[in-house]
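A.B. asks: What would the 3D arrangement of this be:
(chains A and B)
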Amino acid sequence: MAEMTISTPPTTAAPPGEAPGKAPRGARRNAAVRRVRRRLVHLLIVLIAVTFLSFVVIDLLPGDAAVVVAGDNATPAQVAQVRLDLGLDRPMIVRYIDWLGGVVTGDLGKSFRTGQPVTEALAQRIPVTFELTIVAEVLALLIAVPLAIYSAYRPGRFVDRASMTLGFGAAAMPQFVFGMVLIVLFAGGLTSILPATGYESFFTDPLGNIRTIILPCLTLMIGEAAVYRQLLRSDMISTLQEDYILMARSKGLGPRTILLRHALRPSSFSLITLSGVNIGRLLGGTVIVETLFAIPGLGQMIVQAVFNRDYMLLQGGLLFVAVAYVVINMIIDLLYLVLDPRVRRDA
Amino acid sequence: MRIRPVRTRSAGRVVTIVAALLGLLVVAACGAAGGGKPNNSGPIAAIDPYGADLATQGTPKDGGTLTLGMDREIVSYDPTVQNSNMAAMAVYDSLMKLTPDGGAEPYMAKSMTSPDNGKTWNLALRPEVKFSDGTPLDAQAVMINVQRHIDKVSSPAHGYAAQIASMRATDPYTVQFVMKAPLGVFPMVFAQPITYGSLGLIVSPAALQQYGNDIGRHPVGAGPFTFVEWVPDSHVTFQKNPNYWQQGLPHLDKLEFRPIPDTDSRLASIQNGDVDVAFGGYSQELVPALANPNLKVYYGPGNAGEYLYFNFNKAPFDDRRMREAIIRSLDLNALGASQYNNRLVKADSLYDASSPFHTPAASQEWPTYDPAKAKQLIEDYKASGGNPTFTFKTTTARRAFGEFIQAQMAAVGINVDVQYFDLAQFSSKVVQSNDFQLTTWVGGFDSAYPGTARLLRSDGNTNYGKYSNPQVDQLLDQAASTTDDAARTKAYQQVEMIAGKDLPVAFFSRSYLSTITKPQVKGVDRYTSRDMFYANLWLDR
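C.D. replies: So this is what the prediction gives:
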C-alpha cells in the first residue's frame, strides 16, 4: 500500500550531494503538502470503494440481520417484522446512500443487535485496539532493532543464530497457540501471575490495564519482532558493505557511530514500511488475540458484526480501519521525506 | 572494527536446544490446557441442578464483588427482544419461579391463582416491591409490560401474551387476566428465562417512558441489583439495590459480567480466578471443571438436548423406517469417545429421567444402536422403491460431527453428502427455510411447557422438521389448558411415549449448560438453562 517513490527521477532541482536534514524548509513543506493532498484524494476513493464493496458483499451473503436479531426460536412472521423494523426491506443501494448521507453528517447509525450508536461503539473500541497495536509494535521494535543491529555487526555468532532460531520458532507458531502457551505459563496453568482474560481501561485502573495487556501484547508482538529483526539485519548487512561505511571506518569512527548514525538510517526503509503496514493491519485485525483474551477491541467487533450481519456496526468499523490504514501510510510516506533527502526532491 | 560478510555456518547445536525447549513448552501447554483426566467416568451426572442447598452453606457474609464470565455477549435487556441474557435476572428478578417438579411458584409476585380452572387468572403483587427508581411495581406496571409483548409480534413471549383476551387491575396490586381459552400453565410463562420469552420480567414504566426503544441498553427493574454501565464485549456492572424487596438481601455489593466467548479462555479464566463464576456451554469445559478440585460445578441435563431434525416433508425421512435406521446406525459410544471425552449424556427420550413427565417405558420404546437392523430397514425402504441417500447439513463448528455421521452411514451402506454453513446462514437458509433432509440442533429446555409444544406441536416454532401428529397436538393442548397437575403429567407422558414411536427427531445427547464456580461462591440458585437468581449469592472470603 505504501508507495516507495525513492527511485522516481527528481523533478525539482536541488543541490546534489546535499546533506540529510538540510533541505530548504520551503521545498520540504511543499513536498509534504503535495503528498498529503494526493493521499487525501486517495483516501476518499479507498473509503467509497471499501464501504460500498462491504455493503454489496454483506448483502450477497445468505442469511440476514433480521434472522440473527429475531433469534432461533422466532417464527417467520416475527423475522419479517424485525426485517421491516430494521429497514432491511429497502433496496441495498438506497440503504447505502442513506448510510453515506449519515456519515457526512457524523451519524454512523446504530447497531442492529444492541441498538448502541456506532460512534459510541467505535469510541469504546478504538482506544483498546490502538493501545494493543502500539504497545505491541513498540515492544517488537524495541526487541528487534538492537538484536538486528548486533546480529548484523556480528553475523553468524551466538546472538544472531539464537535470535534467528527463536524468531523463526515464534513466527512459525500460530498466534492462538502462542497465546494459549502464555496462558498456561502465566495465567492459571503453571502460575497464576497474570489474568487470562479481561481488559481494564488505563484511565480507571492503570496497573490493571498493564496487567491485562501484557499477555495479548506479547502474543501480538512475537511474530512481528522476528520478522523485523530478520528484515533490518539483512538490510544492515548490505548497508555495511557500502563504500561510505568503509570510508567512515578509515576515518577512524567507532562501531557505535557507524552502526547507529551511518548504517541504521539508510537501512530502515523496509522496516518502517513494514511496521506501518502492520499497524494498519493490526488495527482491524487483532481479532484472534482479542477473542482469546476476551478483549473488547475493534477486530472482534468487526468479525462479530459479520457473523451477525450487523451492517451498521460493520460499516462503521471498516470506515475507521480504511481511514487509519491510509493515514498511517501517509505518515510513513512523510517519514521518508525526513529520512532520505532524495525523496524530497522527487515530490 | 571488523564487519564480516554473512556467514552460513550451521547453527546446529543452538537450533537443537531451542527446538527442544520450544517442544517442551508446547507439550506442557497441551497437557495443562487439556485439563487432565476426568476424575470419574461415564455419562456426566446431574450435580445440584437447581443450585446449592442454602441451609447447609453456613451464615452468609455480606459484601464483595462477584465476576461472572458469560459464553456470549448480551444483545439487549429488553424482555421483548430475543436473546440469551444471563444478567437480566439480576436487574429484573422474576414474578414467578420454576420448580424442580415442573411447576411454577410465586417469587416476586405474592400469588397467582385461577378461580375457574385456568380461564381467569389473578396475579397478586407485593405492595412492598418497588423499582429501583422508586416507582411501585403495581398492576399498571405489569399490564404495561404485558401489553408490550402483545403489541410486539417479534417478542419471544408474544406467543404467550397473544393468548390473553383481556386484562384489568381489580385493585392497585392485582391484575386479572382473562384468557381466550383455559390455560392451566399460565403461571409458567411468568417464570421462564428471558431466552424462551417471559412475561415475568417487569421493566419500570417510568424508565420505558424515558428511554423508549433504548430500554434494552438502560434497564431499570426491581431486582436485587441496579444497572451501572455496559461496555459491549468488555463488561457490564451492577450494584446492590438498597431498596430490594427481600429484607437483608442481596448479600453482594457488586456484580460484573464479562463476555468470554472462547471456550478454552473461559475455562482458563475460572481456573485462573479472573472470574468467580463461568456459564459453560459445552462438555469441553464441563468435563475438566468436574475433574478440578478447586471448582464447583452445577449441572442438570435438562429435557430434549442435542438432536437431529428429520424433515417430514421430504424423502427419505418422511418414512419412519428411514428415521429408525438413522437412530439405529448411530454408535453413541463411539460418538462419546471421539467428541465428548467419553462422558456423553445419552438421550433416549424426550424428557430427562429426572423429569416427572418421563416414563421408563418411553426409553424402552426408543430404538437402540443396531447396525444390522438399520441395514435391514434400509433394504426394506429400497425394496419399496425409496432412495435412501441424503444430504446432511450442519454448522461449521460441527465438522467432527459431520464426519461422524458420514462414517456411521457408510457402515450401513449409505453415502452421505455433508454440507457446512456459518450460523446466520444455517439458521435462515437451512433450518428456518425447511431446506434440509437431516440436520443438527441444540434445544434443551427446563419446563415441559412451552418446550414440548415448541418442538412437537404442528405449529411449534422450533418444529423445524414439520412433524405433525393430531393426537400429539391434542395432548399438548390438554396439558397446557388443564389446571390438574396429574392430568397434565399424564398428557405429557403420553406425548413422550408417542414421540418414542413416531421418532419426530433423533435425540442423541442432553445439553451441557453448566454453572462453574469457585468453591467460595455460595448461595447459587439456578435453572438448568443456567439462568440465575442473584439475591442469595454470597462470597465466603
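
A.B. asks: list the contacts for residue 124?
C.D. replies: Here I'm looking at chain A. Residues near A:Gln124 by C-beta atoms under 8 Å, 6 or more residues apart in numbering or on different chains: A:Pro296, B:Val231, B:Pro232, B:Ser234. For the C-beta atoms, the positions are set from N, CA and C on the backbone; glycine is no exception.

A.B. asks: Correction: the question concerned chain B.
C.D. replies: Under the criterion of C-beta under 8 Å, 6+ apart, the neighbours of B:Ala124 are B:Ala109, B:Lys110, B:Ser111, B:Met112, B:Thr113, B:Tyr173, B:Thr174.

A.B. asks: Secondary structure class of the fourth one, three-state.
C.D. replies: Looking back up the chat, that one is B:Met112. Assigned with DSSP: H, G, I helix; E, B strand; the rest coil, B:Met112 falls in the strand class.

A.B. asks: Would you state the predicted confidence (pLDDT) at the nearest residue to it once chain neighbours are set aside?
C.D. replies: Leaving aside its sequence neighbours, B:Met112 sits nearest to B:Pro187 (C-beta to C-beta, 6 or more residues apart in numbering or on different chains; 4.6 Å). Looking at B:Pro187, its pLDDT is 97.

A.B. asks: Same question for B:Ala20.
C.D. replies: At B:Ala20, pLDDT is 47.

A.B. asks: did I read that right, B:Gly500 in a helix?
C.D. replies: Yes - B:Gly500: assigned to a helix according to three-state DSSP.

A.B. asks: What number of residues are in the vicinity of it?
C.D. replies: 21 (other C-beta atoms under 10 Å in any protein chain shown).

A.B. asks: What residues does it make contact with?
C.D. replies: So B:Gly500 contacts B:Ser349, B:Leu350, B:Ala362, B:Ser363, B:Glu365, B:Trp366 (C-beta under 8 Å, 6+ apart).

A.B. asks: give me the number of residues near the last one?
C.D. replies: B:Trp366 has 19 neighbours, counted by other C-beta under 10 Å.

A.B. asks: Spatially nearest residue to it, not counting backbone neighbours?
C.D. replies: Spatial nearest neighbour of B:Trp366, excluding adjacent residues (C-beta to C-beta, 6+ apart): B:Asp348 at 4.1 Å.

A.B. asks: residues in contact with that neighbour?
C.D. replies: So B:Asp348 contacts B:Ser363, B:Trp366, B:Thr368, B:Phe507 (C-beta under 8 Å, 6+ apart).

A.B. asks: Could you check how far the residue nearest to B:Met112 is from B:Asp417?
C.D. replies: Counting by C-beta to C-beta, to the nearest Å, the separation of B:Pro187 from B:Asp417 is 47 Å.

A.B. asks: Going by neighbour count, which of the contacts of B:Asp348 comes out on top?
C.D. replies: Neighbour-wise, the contacts of B:Asp348 (other C-beta under 10 Å) top out at B:Phe507, 22 neighbours.

A.B. asks: how about B:Gly42, secondary structure?
C.D. replies: Strictly by three-state DSSP, B:Gly42 counts as coil.

A.B. asks: Quick one: residues contacting the most far-flung residue of chain A relative to its centre.
C.D. replies: Largest separation from the mean C-alpha position in chain A: A:Ala77, at 43.7 Å (C-alpha atoms, centre = their mean). By C-beta under 8 Å, 6+ apart, the residues touching A:Ala77 are B:Val153.

A.B. asks: likewise B:Asp318?
C.D. replies: With contact taken as C-beta under 8 Å, 6+ apart, B:Asp318 is in contact with B:Asn311, B:Phe312.

A.B. asks: let's see 6 Å
C.D. replies: Going by C-beta atoms under 6 Å, 6 or more residues apart in numbering or on different chains, B:Asp318 touches B:Phe312.

A.B. asks: is it true that B:Gln271 touches A:Gly188?
C.D. replies: Yes - between B:Gln271 and A:Gly188 there is a contact under C-beta atoms under 6 Å: 4.2 Å.

A.B. asks: which bits of the stretch 201-347 of chain A sit near chain B?
C.D. replies: A:Ile237, A:Leu240, A:Pro255, A:Thr291, A:Leu292, A:Ala294, A:Pro296, A:Gln300, A:Arg309 (C-beta under 6 Å from any C-beta of the partner chain).

A.B. asks: Tally up the residues packed near the second one, please.
C.D. replies: Residues within reach of A:Leu240, counting by other C-beta under 10 Å, total 21.

A.B. asks: in its sheet, what does the helix or strand where B:Ala304 lies sit against?
C.D. replies: According to DSSP states H and E, B:Ala304 maps onto strand B:303-310. Here strand B:303-310 has these sheet partners by DSSP bridges: strand B:438-445 (antiparallel), strand B:505-509 (antiparallel).

A.B. asks: list the buried ones in that strand?
C.D. replies: For strand B:303-310, a neighbour-count test (16 or more other C-beta atoms under 10 Å in any protein chain shown) marks B:Asn303, B:Ala304, B:Gly305, B:Glu306, B:Tyr307, B:Leu308, B:Tyr309, B:Phe310 as buried.

A.B. asks: Would you mind measuring from the closest residue in space to A:Leu283 that isn't next to it in sequence to A:Thr133?
C.D. replies: Leaving aside its chain neighbours, A:Leu283 sits nearest to A:Ala324 (4.9 Å; criterion: C-beta to C-beta, 6+ apart). Note on A:Ala324: its distance to A:Thr133, by C-beta to C-beta, is 10 Å.

A.B. asks: neighbour count winner among the two?
C.D. replies: A:Thr133 (25 against 20).

A.B. asks: what is the mean pLDDT for the helix or strand encompassing the more buried one?
C.D. replies: Using DSSP H and E, A:Thr133 sits within helix A:118-153. Average pLDDT, helix A:118-153: 93.

A.B. asks: Point out where the chain drops to low pLDDT.
C.D. replies: You didn't pick a chain, so chain A it is. Applying pLDDT under 70 to chain A flags the ranges A:1-28, A:72-73, A:343-347.

A.B. asks: not what I meant, chain B
C.D. replies: In the predicted model of chain B, residues B:1-39 satisfy pLDDT under 70.

A.B. asks: Fine by me, thanks again.
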